[in-house]
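**Q** Model the structure of this input:
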Amino acid sequence: KNKMAASFYLAVLVAVNSCLLGYSLDCIEVRDGASKQDVRIEAHGNHAIRVRAVPHGYKFRDPPDVISALPPTNVTESRECKLVSLSTTKVSITSGNLAATISPDGRLVFTRVSDQKILLSEKYVRVLEPTTTTPPVPGFLSLTMQFDAQQGERLYGLGQHAAFPWDSNFPINGQLDQKGLPAVLLEPHDGDVTIPVVHSSQGYVMLSNLPSTGYIALNDTGSFFHHDAVLQADIWVATTFDSPPHAVSPWQQLQRAYVDATGHVPEWPYWTSGFWQCKLRYSNQTQVMAVAQEYIRRNIPLSLIIIDFFSWQDPASNVNTIGDETLPKSCWPDPAAMVQELKEMGVELMISPYSHSVGTSSKNYGPAVAQHLLARDRNGNPAPGYAGGFVYDLFQEEARDFAVNAMQQGYVNQYGLHHWWLDCDEPCGGTNNGSYATDWLYNNGTWPAAFVGSAYPQMLDKAIYDNMGAPGKADYGDNVMLGRAAWAGSQRYGGAVWSGDTQSTWQDFNQQFRAGLNMVMSGIAYWTTDIGGFGQGDTTDPNFRELVVRWFQWGAFCPLFRLHGARRGPVWPPGDKGICGQTASNEIWSFGNESEAAIITVMEIREQIRPYVMEQYAAAAQQGTPIMRPMFFDFYNDTATATIDDQMMFGPDYLVAPVLVKGATSRHVYLPQLPKGTVWRNVFTGQDTDTANGALNITEATPLQTFPLYKRYIVN
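**A** Numbers count the residues shown, from 1 in each chain. Just a heads-up that it's a prediction; the model follows:
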């Protein structure tokens with residue numbers, strides 16, 4: 001290997017002895033003697049550059065050797081790089097409006113060409129050094145990268161991070177600007193989603209293209225990225241095509257660059273823009289049909305009803321058949337008829353299959369073990385997941401195909417189901433508080449979780465998309481997936497994300513508002529929460545009834561409009577015998593007449609604007625535009641919007657300012673300046689507010705039935 005590397009470099013090395021050596025080429029490889037690293041710098045998109053670094057003698061890696069958020073292109077696959085030796089001068093390469101430079105000491109600097117603004121600069125040369133994984137697998141490196149802090153910089157993205165019990169230092173109400181937060185762990189947990197991309201107010205987006213565990217810390221001393229187990233450093237950076245004042249929102253430009261590099265989300269079908277009903281859990285066919293029929297009887301729009309986990313459990317035999325991908329007849333006597341009858345009512349059905357796992361009682365367990373298709377724990381045994389299942393090794397293509405074939409043979413072929421709630425896809429189970437296993441082995445025992453674990457949920461999305469939802473497959477255009485986790489680029493497989501098992505508290509409500517805005521800034525177009533929070537909600541409690549109304553008023557303006565939770569209170573339908581179990585009601589009529597009336601009001605608004613919602617789905621698919629977004633995204637020239645973290649835009653036209661405080665009878669609203677002839681129209685009152693002469697701060701009354709909701713409206 002060393003002999004080959006020496007011949008490779010000696011044949012084509014170019015000495016650099018002038019001042020700055022800049023290349024118009026689209027790829028260079030630099031041998032840096034000071035850091036003893038080889039660095040590959042290449043154009044990767046318009047105004048975008050990818051940089052990889054390895055110790056001398058190591059090779060640069062592409063799939064299938066690594067998991068990458070950047071799909072290969074015809075250009076990158078056929079590209080040859082010019083070899084350069086770094087000595088006493090700088091070396092640079094440009095891609096459109098972005099230049100990447102390596103200084104003589106090996107540090108990277110990214111500059112916007114049009115105004116020579118330094119966007120991102122390494123504080124020190126990145127450190128790559130051998131590491132020991134758990135369990136030990138040889139050949140991996142740890143990586144630390146540090147970038148200079150910039151005064152006044154704001155950073156968004158990083159996936160979805162809210163305050164949870166394991167992070168007592170996290171702001172209790174969440175935080176929109178990610179700068180200044182405690183270190184964010186690069187490992188997925190229930191409610192904590194890892195996507196290592198940041199969008200900066202300085203005019204760049206940066207992706208750390210590594211699904212390794214580790215942490216990111218963004219503070220006044222710098223931006224720190226640490227990965228526990230890698231084969232190379234791998235970052236991707238893009239900037240805007242212009243300098244301020246921007247012709248187009250810089251945030252839109254950066255989002256478009258990011259999805260162009262990592263993949264565009266498919267446009268979802270019309271039915272997904274409506275209302276989704278769920279609870280923990282509907283336990284039998286009678287309950288599902290009764291709830292759907294009641295919504296129809298009340299003339300309340302319903303697009304989807306969801307069957308939660310443990311639907312595979314047969315109480316008659318008390319056998320856990322997780323992994324069979326079927327429903328027991330004792331609870332679900334005719335699932336195919338149920339699917340068809342719901343469809344005739346205009347209602348789709350989704351199921352939570354836990355298809356990443358298979359139990360020992362399943363007919364699929366033996367073949368999975370024999371074919372080495374299961375992840376392994378640190379002792380080499382099948383890795384235990386949640387609900388009595390063992391987790392598939394979805395980093396193997398054979399395991400992905402096997403798992404989806406089981407779904408196809410069961411839920412699809414037998415019942416006609418093809419919408420999937422991919423719960424627990426971190427995957428949950430194993431170690432680390434039962435939420436994420438850091439000591440498992442994947443890829444038939446060759447990849448430690450520390451190397452690729454963050455990408456596990458993406459592998460599940462990929463498995464279903466490749467086998468069911470891709471162009472040419474049977475469910476193309478109507479293969480809907482809702483998961484609890486994601487990684488960079490997951491959107492290209494069409495997966496949505498909900499925010500996990502929140503609590504029914506005002507604090508969690510605030511956290512979710514800010515976490516969701518960062519999630520959509522991380523490329524995940526289709527996102528939602530459990531309206532009302534998942535746990536502790538008592539449907540008879542006035543405090544919860546107020547909370548669920550206020551959460552509904554925001555939830556109707558999330559990309560996906562979904563009610564879910566594990567409630568306390570009366571059951572519904574009355575008289576149900578509870579075959580296979582029965583839990584407290586979570587339908588909108590469960591929260592009292594006043595709450596129901598307020599909820600129906602906002603449901604009707606969502607139903608009326610569904611064509612508009614579909615326009616936003618199309619914009620997300622085509623341009624990467626977040627469906628909901630922070631105020632500064634659209635009003636980027638208005639410095640006041642930079643600090644607004646309690647109101648948002650839903651598409652370009654709707655300004656949404658939900659009531660986030662218990663018992664609030666009014667709230668402050670900021671109405672940005674609009675061009676002459678365009679006004680902010682209050683959706684509830686029809687009153688117009690003209691801001692042609694400047695933005696306005698107003699205070700609006702907030703009775704339970706309404707909240708500040710404005711539409712950008714052209715009066716002439």
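**Q** Quick one: residues contacting the spatially closest residue to T446 that is not a sequence neighbour.
**A** Counting by CB to CB, 6 or more residues apart in numbering, T446 lies nearest to V137, which is 6.9 Å off, once chain neighbours are set aside. Heads up, the C-betas are built off the backbone N, CA and C, glycines and all. Applying CB atoms under 8 Å, 6 or more residues apart in numbering to V137 gives the contacts 441, 446-448, 451.
**Q** Name the helix or strand for V137, please.
**A** Using DSSP states H and E, V137 falls within no helix or strand.
**Q** how about it, phi and psi?
**A** phi -130, psi 120 (degrees, to the nearest 10).
**Q** Would you mind measuring from it to L327?
**A** Distance, V137 to L327, by CB to CB, to the nearest Å: 40 Å.
**Q** how about the closest residue to I588 other than its chain neighbours, secondary structure?
**A** Nearest non-adjacent residue to I588, counting by CB to CB, 6+ apart: I599, 4.9 Å away. Secondary structure, DSSP: H, G, I helix; E, B strand; the rest coil: I599 is helix.
**Q** swap in L158?
**A** Per three-state DSSP, L158 ends up strand.
**Q** What separation do you get for it and Q616?
**A** 23 Å.
**Q** what about the helices in the stretch 301-450 of the chain?
**A** Counting by DSSP state H, counting those that start in this stretch, the stretch 301-450 of the chain has helices at residues 335-344, 365-370, 397-407, 449-452.
**Q** So which of those is nearest F707?
**A** Smallest distance to F707 across the helices of the stretch 301-450 of the chain (CB to CB): 32.0 Å, for helix 335-344.
**Q** Packing partners of the closest one?
**A** Applying 3 or more CB pairs under 8 Å, 6 or more residues apart in numbering; DSSP states H and E, one finds that helix 335-344 contacts helix 285-297, strand 348-351.
**Q** Please name whichever of those is nearest to D242.
**A** Of the helices and strands packed on helix 335-344, the one closest to D242 (CB to CB) turns out to be strand 348-351, at 43.2 Å.
**Q** Which neighbouring elements make contact with the closest one?
**A** Counting by 3+ CB pairs under 8 Å, 6+ apart, strand 348-351 packs on strand 304-307, helix 335-344, strand 420-422.
**Q** again, only using 6 Å
**A** Under the contact criterion of 3 or more CB pairs under 6 Å, 6 or more residues apart in numbering; DSSP states H and E, strand 348-351 touches strand 304-307.
**Q** Direction included, what does the strand it packs on pair against?
**A** According to DSSP bridges, strand 304-307 has the following sheet partners: strand 275-277 (parallel), strand 348-351 (parallel).
**Q** Next one: E153 relative to Q160, how far apart?
**A** 21 Å.
**Q** again, but for N413
**A** Distance, N413 to Q160, using CB to CB: 35 Å.
**Q** same check, this time on W551
**A** Counting by CB to CB, the gap from W551 to Q160 is 17 Å.
**Q** Please apply the same query to D26.
**A** From D26 over to Q160 (counting by CB to CB), the distance is 34 Å.
**Q** What of E325?
**A** Distance from E325 to Q160, by CB to CB: 29 Å.
**Q** Ok, R79 next?
**A** 35 Å.
**Q** between those two, who's got more neighbours?
**A** The neighbour comparison of R79 against Q160 (other CB atoms under 10 Å) goes to Q160, with 30 against 14.
**Q** For that one, which residues are in contact?
**A** Applying CB atoms under 6 Å, 6 or more residues apart in numbering to Q160 gives the contacts 193, 515, 519.
**Q** again, only using 10 Å
**A** Residues near Q160 by CB atoms under 10 Å, 6 or more residues apart in numbering: 174, 188, 191-195, 485-486, 497-500, 511-512, 514-520, 522, 524, 527.
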